[in-house]
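*Asks:* after the sequence you'll find the predicted model.
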Amino acid sequence: MKNYIFLCFSLIIVFSFNSYSQKSKTAAGDKKYDSYAYIDAIKTYERVAQKGYKSEDMFKKLGNSYYFNSDFEGAAKWYGALFEMNTAVEPEYYYRYAQSLKSTGQNEMANKILSEFTAKYKNDNRGKLFKDDVNYLDEIKANSGRYTIEDAGINSKYSDYSSYVYDNKIYFASARDTGNFSQRKHKWTNEYFTNLYFADVDPTTNKSSKVNKFKTSINTKFHESSPAFAKDGKTVYFTRNNYVNGKKGKDDNKITLIKIYKATLDNNGKWANITELPFNSDNYSTAHPALSPDDKTLYFASDMAGTLGQSDIYKVTINGDNYGAPQNLGNSINTEGKETFPYITNENEIYFASDGRPGLGGLDVFVGKIEDDGTISNIQNLGADINSPKDDFAYIIGPVSRRGYFSSNKDGGKGSDDIYKFLETRKLQCIQELTGIITDAETNMILPETKVTIYEGQNIKSTTISDGSGAYTFPVECGKTYNLRAEKQDYTTKEVSITISKLTGKTSLPIALDKSTCKVMIGDDLGKCFAIKMIYFDLDKSNIRIEAALDLEKILDVLNNNPTMKLDIRSHTDSRATFKYNESLSDRRAKSTISWLIKNGVAKNRLTGKGYGETQLVNGCSDGVQCTEEEHQMNRRSEFIITEL
């Protein structure tokens with residue numbers, strides 16, 4: 001799929017620091033490149049390169065020109081030439097090079113470049129996703145083999161993509177037969193502009209009839225794509241270049257971007273009242289609308305201000321003819337790359353295309369669960385049936401029939417993009433079980449009748465008792481992180497954290513408990529019995545974190561079982577930051593700890609506390625002394641001194 005429809009207009013950054021003499025040699029190519037005439041730019045640059053001329057700037061532009069046209073073999077070649085000259089390039093070139101390598105089957109080299117990308121640019125979520133899921137190919141393999149796929153029967157030798165089924169008709173974008181071809185080519189790709197077409201389709205087999213042009217004023221001499229119909233069929237949303245009423249709009253750089261438009265059926269059954277949506281702008285793109293099943297929310301892709309990456313997925317509420325403010329779906333789904341072509345089902349699923357998550361190359365199709373708070377969880381790659389090393393996108397599915405369509409420029413198609421139909425033979429469902437054995441840490445003896453509690457965040461999800469063989473079992477969700485607490489008389493309570501596999505199966509978490517041998521007296525630190533060195537707080541904060549709550553539960557349990565015990569709670573910092581700031585911060589943290597215990601039932605008169613800041617360092621790490629992080633950590637501690645028993 002060509003990037004002109006993926007919101008890349010404002011994202012093509014020319015990083016050029018060459019001398020005038022270097023620029024002059026490629027001036028003709030630069031002019032074409034800067035006007036987005038990438039096919040012509042490639043020809044000019046490659047003629048220069050064949051004569052032995054080398055330039056980082058030229059190699060970047062050559063790689064980009066191929067990349068933006070989804071020719072990943074050409075992109076890999078010229079990005080490779082760039083990296084031979086210099087690896088101190090902008091982060092995006094690492095990622096584009098890795099994506100291009102994956103798309104040409106060079107996975108080992110691609111993963112090497114991604115590892116370098118992750119090491120150099122630690123704050124980029126694409127690198128974090130790769131680091132957290134280095135076995136992503138295993139997940140893709142496990143999610144494969146679930147479809148039967150065929151050519152949709154509506155493709156041409158031109159670009160065909162982005163289908164939508166309504167009222168037993170399939171609507172889609174195509175570059176075929178668009179009139180006067182000599183005047184209708186898009187200089188980005190050297191292909192024709194796309195209009196909307198349709199064909200009748202058998203709902204039980206997905207077989208299509210003859211293709212017809214959507215003869216309506218919706219189609220213009222520029223691009224139209226991505227139709228989405230309301231349930232009553234009287235409203236359609238679609239993507240179009242910034243063009244309405246015969247006028248072409250441009251951004252501040254004189255570039256025509258793309259927008260979402262709406263049309264309604266008039267009394268004569270014709271599409272009329274074509275208007276752009278109120279959150280559009282001449283200076284950013286909006287595209288690829290998708291309606292929620294109840295028609296009350298519109299999802300779309302955009303690169304508007306606030307976008308995390310090159311394009312993000314947004315949503316707006318619909319109330320009649322009024323629209324709410326666009327809401328970015330956030331980093332639970334969006335990355336620094338491209339997220340686009342959303343599709344929503346009545347099972348609270350969102351399908352979308354992304355090149356920012358670990359995949360096979362280019363755009364892959366993913367699915368996630370829409371939670372009640374609007375975040376997206378349990379995002380999974382659909383597998384190698386749908387996805388390929390090229391661009392795969394615009395996935396739609398019937399939730400009952402499990403039949404649907406997607407678009408791809410993968411090898412073997414008729415045109416540059418093609419539409420494929422499919423039948424999903426097995427739903428993508430990850431089923432996981434968390435199991436383990438509770439044992440004595442010293443003797444390895446099994447410990448039956450141990451209370452095991454599983455937490456999701458700070459909330460108790462479930463509690464069980466280990467059986468005669470010391471075993472426990474919990475049903476869990478794939479990919480989520482849980483905290484477990486094991487409690488048994490005469491043993492020290494233990495908490496552990498576990499992240500569940502994203503593949504169907506069982507996750508094992510054995511827990512070994514230490515015998516409780518701690519005896520305390522007045523003046524002792526109760527926290528040492530539980531190896532509590534620090535109550536964890538977020539940076540510069542004093543609110544209780546999940547990890548802190550789990551440790552404080554231990555203190556709370558002892559106080560509840562020893563009603564005459566009193567504690568003095570002391571909070572300490574390291575020497576970094578100012579003396580006054582550390583004293584104030586530690587005091588707030590001590591008071592926050594006391595407040596948590598009081599809130600959970602401890603009488604106020606049993607607790608005292610104070611923050612000591614950096615006044616009681618346990619080592620020599622004072623101001624101006626070079627210390628390791630571990631040495632500073634020794635000074636950041638919490639104490640629970642017993643004052644009465």
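*Replies:* Received, thanks. Worth saying up front: this structure is predicted, and the values here are computed from it rather than measured.
*Asks:* pretty sure Phe640 contacts Phe530?
*Replies:* No - checked against Cβ atoms under 8 Å, the pair Phe640 and Phe530 is beyond contact range at 9.1 Å. (Each C-beta comes from the backbone N, C-alpha and C, glycine too.)
*Asks:* what sits in contact with each of these two?
*Replies:* Counting by Cβ atoms under 8 Å, 6 or more residues apart in numbering, the common neighbours of Phe640 and Phe530 are Ile555.
*Asks:* in the stretch 151-300 of the chain, where is pLDDT below threshold?
*Replies:* In the predicted model of the stretch 151-300 of the chain, residues 177-191 satisfy pLDDT under 70.
*Asks:* higher neighbour count, Phe640 and Phe530?
*Replies:* Shown here are Phe640 and Phe530; by other Cβ atoms under 10 Å, Phe640 has more neighbours (28 against 20).
*Asks:* just to be sure, Phe279 is in a helix?
*Replies:* No - checked against DSSP: H, G, I helix; E, B strand; the rest coil, Phe279 lies outside a helix; its state is coil.
*Asks:* next up, the contacts around it.
*Replies:* Thr286, Met304, Val316, Tyr323, Ala325, Pro326.
*Asks:* mind checking which of the residues you listed are in strands?
*Replies:* Per DSSP state E, strands hold the following members of the contacts of Phe279: Thr286, Val316, Tyr323.
*Asks:* how close does Asn348 get to Ile376?
*Replies:* Distance, Asn348 to Ile376, by Cβ to Cβ, to the nearest Å: 10 Å.
*Asks:* neighbour count: the two, which is higher?
*Replies:* Legend: neighbour count by other Cβ under 10 Å for Asn348 and Ile376, higher for Ile376 (21 against 13).
*Asks:* now the more buried one. Its backbone dihedrals?
*Replies:* phi -110, psi 130 (degrees, to the nearest 10).
*Asks:* I'd like to know which of the contacts of Phe279 are buried.
*Replies:* Thr286, Met304, Val316, Pro326 (16 or more other Cβ atoms under 10 Å).
*Asks:* and of those, the nearest to Tyr420?
*Replies:* Tyr420 lies nearest to Thr286 out of the buried ones among the contacts of Phe279, by Cβ to Cβ, at 26.4 Å.
*Asks:* grab the most central residue of the protein for me.
*Replies:* The centre of the chain sits closest to Ile333, judged by Cα atoms, centre = their mean, with a distance of 3.3 Å.
*Asks:* please tell me I have it right and that one contacts Glu339.
*Replies:* Yes - counting by Cβ under 8 Å, Glu339 is a contact partner of Ile333 at 6.3 Å.
*Asks:* please enumerate the shared neighbours of these two.
*Replies:* With Cβ under 8 Å, 6+ apart, Ile333 and Glu339 have common neighbours Ile313, Phe352.
*Asks:* which ones are touching Ile500?
*Replies:* By Cβ under 8 Å, 6+ apart, the residues touching Ile500 are Gln432, Leu434, Val476, Glu477, Cys478, Gly479, Lys480, Thr481, Tyr482, Thr507.
*Asks:* go on, Tyr237?
*Replies:* Counting by Cβ under 8 Å, 6+ apart, the residues that Tyr237 touches are Pro227, Ala228, Ile260, Tyr261, Lys262, Leu277, Pro289, Leu291, Leu298.
*Asks:* try 6 Å
*Replies:* By Cβ atoms under 6 Å, 6 or more residues apart in numbering, the contact set of Tyr237 is Ala228, Ile260, Lys262, Pro289.
*Asks:* give me the buried entries from the residues you listed.
*Replies:* Ala228, Ile260, Lys262, Pro289.
*Asks:* distance check, the second one against Asn444.
*Replies:* Distance of Ile260 to Asn444, computed by Cβ to Cβ: 63 Å.
*Asks:* and the helices in the stretch 501-645 of the chain?
*Replies:* Ranges of helices in the stretch 501-645 of the chain, per DSSP state H, counting those that start in this stretch, are 526-529, 546-561, 579-599, 629-635.
*Asks:* just put these in a markdown table and tack on mean pLDDT, distance to Gln380 and mean neighbour count.
*Replies:* A markdown table is the format used below for these (pLDDT from 0 to 100; distance: least, Cβ to Cβ, whole Å; neighbours: other Cβ atoms under 10 Å):
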| stretch | mean pLDDT | distance to Gln380 | mean neighbour count |
| --- | --- | --- | --- |
| helix 526-529 | 80 | 41 | 18 |
| helix 546-561 | 80 | 26 | 17 |
| helix 579-599 | 89 | 37 | 18 |
| helix 629-635 | 80 | 36 | 14 |
